[in-house]
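# Pasted the sequence and its predicted model underneath.
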Amino acid sequence: PAPVETSPLSSVPPRQRSRSTLHGVARFRAVASVVRAAVRLQAATRLRQTPGSSSVSVPTVERPPSRTAVLVDTVMRSFRGGSSWLSRGRRRASGMGDEYGSPEATPQAMSGGGAYDAEVRQLLDLRRLGQPLGELSAWAKEYGDEVFARRLLRKYDGNMQKCTEKYSQALRWREEHRVLISEWKFEPASDYRVIGADLARRPVMYQCLKNQLLSVAQGIDQISVCMLQAITNMPPGVERATHIWDLHGLNVRMNLAAPSSLRESLVAADSYFADRLHELVVIDMPRLANLIKDLIWPLLQDKTKEKIKFLSVQQAKQYFEGVYPADVRDRLAEAIEQNRNGRLSMEQRRATWMRVDAKGELVHVFA
């Protein structure tokens, strides 16, 4: 079945729709349908079976989309409003699409080639009218594109039951958090921020629980926005990020509801932000925090557990030497030292909470 399509005029106010525009859209729709058919045919012939065998395939080289396909796609997107009101990075973070209309644009994803083709179509069909997600808004549905479906299938090893559940959770979470995703508004809860990037240009986020201002439940929005900002900073080809949790100064009273709050945050982490984790570095984990870990650990996949490191401050500094550039190591070292300096007040530390934006510039975390 064909993927869900959005009318090029859906974002244009009725008063601005001239007859010439309507005729132009009709012509380009016709051209686009021909090009899409050609692209689908080309994708279908990329994986060919050898004569007399149904299980052996001949590998082929993926090719980028043709100039005609790119031209038609560019024109069609211009009728939808293009990217004039949001930067490319902001559109990627909000799930509104990248250069070719998806959060992570790749020739393979655009052509539809690769593994899990049938499973991808099943997931995309969930957005159709009469299907479980058919009642959601077009804004919520557009996040559930082919690239996102493939990311889920990759994370859950093709388990369709699990992928269907997470696909539904992600789109419903998006529907319920439209303001958060679109405007990045949240109640300041901690120093959670994008502090830089590693040597592979993956964003790195840092927080210290000594700087916790609100409970874990109240801080979920800031964590989500921080992840959206990290996605904005990702260069082409990068899909994952690193989280560094410095547990020094853990406030037990603020985290009494941590298990239930962490389960809630895992809903977004395992669905909307599926397969976005490169690694999680936990520094100075106190014994009391092991109780929380014991409750959350069984909920994690084995592949996720392998991405988590528990380090002391000294071990962390040694580990950072091999994975982060000098400026990021210096920022991390300064933050870790400040958070252990009893002479600095919360206000003094808060003034130093800087994050790296999409331009690579340092701005205050709450700016």
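Arrived safely. Residues are numbered from 1 along each chain as shown.
# tell me the contacts of residue 116?
For residue 116, the contacting residues are 149, 150, 153, 158, by CB atoms under 8 Å, 6 or more residues apart in numbering. Where C-beta positions appear, they are placed from N, C-alpha and C, glycine not excepted.
# Reformat those as CSV; add neighbour count and distance to residue 299.
Formatted as CSV, the contacts of residue 116 follow (neighbours: other CB atoms under 10 Å; distance: CB to CB, whole Å):
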residue, neighbour count, distance to residue 299
149, 21, 23
150, 25, 24
153, 23, 20
158, 13, 21
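# Just give me the closest of those to residue 179.
residue 149 (25.3 Å; CB to CB).
# if we can go back for a sec, select from the contacts of residue 116 every entry located in helices.
149, 150, 153 (DSSP state H).
# Need those in a markdown table (columns: pLDDT).
As requested, the ones in helices among the contacts of residue 116 are exported to a markdown table (pLDDT from 0 to 100):
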| residue | pLDDT |
| --- | --- |
| 149 | 97 |
| 150 | 96 |
| 153 | 96 |
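# how about the helices in the stretch 151-300 of the chain?
Assigned by DSSP state H, counting those that start in this stretch, the stretch 151-300 of the chain shows helices spanning 160-176, 178-183, 216-233, 258-270, 289-296.
# Could you tell me the phi and psi values at residue 235?
phi -80, psi 170 (degrees, to the nearest 10).
# contacting residues around it?
Per CB under 8 Å, 6+ apart, neighbours of residue 235: residue 201.
# What's the separation between it and residue 201?
Separation of residue 235 from residue 201 (CB to CB, to the nearest Å): 5 Å.
# Which of the helices of the stretch 151-300 of the chain sits closest to residue 360?
helix 216-233 (8.1 Å).
# what about residue 273, neighbour count?
Neighbour count for residue 273, taken as other CB atoms under 10 Å: 22.
# Thought residue 227 was touching it, still the case?
Yes: when contacts are counted by CB atoms under 8 Å, residue 273 is listed as touching residue 227 (5.6 Å).
# quick one: buried residues of the helix or strand hosting residue 120?
Secondary structure from DSSP states H and E places residue 120 in helix 117-125. Within helix 117-125, the residues scored as buried using 16 or more other CB atoms under 10 Å are 119, 120, 123, 124, 125.
# which residues sit against stretch 332-351?
Contacts of stretch 332-351 (CB under 8 Å, 6+ apart): 191, 195-196, 204, 206, 208, 210-211, 244, 246, 248-249, 283, 313, 316-317, 320, 324, 352.
# Could you count how many residues lie near residue 186?
By other CB under 10 Å, neighbour count at residue 186 equals 19.
# Can you pull the phi/psi pair for it?
phi -160, psi 160.
# Please name the residues that touch it.
180, 221, 222, 224, 225.
# ok, now how distant is the residue lying closest to the second one once chain neighbours are set aside from residue 308?
In other words, residue 221. Nearest in space to residue 221, with sequence neighbours left out and distances taken as CB to CB, 6 or more residues apart in numbering, is residue 186 at 3.9 Å. Counting by CB to CB, the gap between residue 186 and residue 308 amounts to 25 Å.
# now the strands for this structure?
Assigned by DSSP state E, the chain shows strands spanning 48-49, 57-58, 193-197, 203-208, 241-246, 277-283, 308-311, 354-356, 362-364.
# And for the longest one, what's in contact with it?
Applying CB under 8 Å, 6+ apart, the contact partners of strand 277-283 are 198, 202, 240-248, 269, 304, 307-313, 316, 319, 336.
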